[in-house]
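Asks: Sequence plus the predicted model coming up.
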Amino acid sequence: MKDATVLRLKRFKRAVRAPFERLGIAIGLAVFAFLPRRAMIALCDALSAMFRPFDRRGMKRARENLRTMFGARLSPKREELILRGSYRNMARTLGHIFWTSRRSRERAAEAGRLSADAERWLETNPASVTVSCHMGCWEILSQLVYLKGRRIISVAKPIGSKRITEMLMKARRSLGQEIVPADGAFKHLYAGLREGADIGLLVDQCVNPKAGGLWVRFFGKPICVSAAPAFLSAKAHAPVILAWSRTLRDTTYRCECIKAFMPDRRTGVWEFTQEIIETFEKTIRRHPSSWVLNYRYWTDRPKPDELAQLDRRTAGREAARRAAAGGEA
């Protein structure tokens, strides 16, 4: 009975919020798309500064996430600077989506570039799985890959109502990249890889175990994330590249490679997924203000049997590491 009441309340709040969200997206497409890039960035910065004090729930969650990451080591001033940067980054990323809906190819090329390592990766590797997280302007990664003449397929989760999701997806598809809904995405991604397309995935978001999620540890806490990168690599024998878009001083972006995994590696799906998450954890620790901090990363909790399995896997992995270190010594 309680769950039904909570569900009805969520539906009511979503229905009330939907018209305002549609209006916001419509204004974004009407205004941001017609601004010069520097004016668009300035507007995003101003809006993030105005909105942040009113987002009490998001700010509370962001502070909790920061303390999960760093404990009590951050000074109040440092914490405030990170939070300010995170909200500014989110606003700029959304503004970028609206801005590139018009003159898409020209504007994507103006907004960012690939690092030398990323350029070499595209030149020397066939279709691959590009994995990123909600850092920097994650949208530009797939846009720049597409500008290199590569076909790329990304996955999108529903955002608000169906109509709002459609409006945002239309803006994101304006350049030519393919975007498939999260439900049933695996078969489309696998087929795309077999046909020579690149795949773009964001891995730092909660995925239900019934939808292919695996429990791993992220900043020491359990989180259920997509195992699609590991499954796709194993099934399609495709390489995996971890990448993110770094914000430069001139507010453009440089898309950089973090780590590459070739398909001949002999690692299980869980171990591979945990390694991907740990790699991004290190990058996020170095650049916390570039990460979306007000997301509910650790809201869902594993069932007792799921937690026990995760603990066994973690202990086994650590034992294997110690054994390997002892052998090397």
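Replies: That came through fine.
Asks: which stretches of the stretch 101-250 of the chain have low pLDDT?
Replies: Applying pLDDT under 70 to the stretch 101-250 of the chain flags residues 158-165, 167-168.
Asks: Which parts of it are strands?
Replies: Applying DSSP state E, counting those that start in this stretch to the stretch 101-250 of the chain gives strands spanning 112-114, 129-132, 152-156, 178-181, 198-202, 213-218, 221-226, 240-247.
Asks: Which strands and helices lie in contact with the first one?
Replies: So the one you mean is strand 112-114. Contacts defined by 3 or more Cβ pairs under 8 Å, 6 or more residues apart in numbering; DSSP states H and E place strand 112-114 against helix 138-147, strand 253-261. To be clear about C-beta, it is placed using only N, CA and C from the backbone, and glycine gets the same treatment.
Asks: same thing with the last one?
Replies: Strand 240-247 makes packing contacts with strand 129-132, helix 138-147, helix 228-236, strand 253-261, helix 269-286 when contacts are defined by 3+ Cβ pairs under 8 Å, 6+ apart.
Asks: Kindly compare burial across the helices and strands packed on strand 112-114 and name the winner.
Replies: Mean neighbour counts were compared across the helices and strands packed on strand 112-114 using mean count of other Cβ atoms under 10 Å; the top stretch is helix 138-147, at a mean of 24.
Asks: Let me know the angle separating it from strand 240-247.
Replies: Helix 138-147 runs at 120 degrees relative to strand 240-247, counting by axes from the mean of the first three to the mean of the last three Cα atoms, to 10 degrees.
Asks: With only the CA atoms kept, save stretch 189-202 in CSV.
Replies: What follows is stretch 189-202, C-alpha atoms only, in CSV (Å, rounded to 0.1, in the frame of the first residue of the first chain):
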residue,chain,number,x,y,z
LEU,A,189,24.6,-2.2,-30.1
TYR,A,190,25.8,-5.7,-30.9
ALA,A,191,24.4,-5.5,-34.4
GLY,A,192,26.0,-2.1,-34.9
LEU,A,193,29.4,-3.4,-33.8
ARG,A,194,29.2,-6.3,-36.2
GLU,A,195,28.4,-3.9,-39.0
GLY,A,196,31.4,-1.7,-38.2
ALA,A,197,29.9,1.0,-36.0
ASP,A,198,31.5,2.5,-32.9
ILE,A,199,29.5,2.3,-29.6
GLY,A,200,29.3,5.1,-27.1
LEU,A,201,28.3,4.3,-23.5
LEU,A,202,28.1,6.1,-20.2
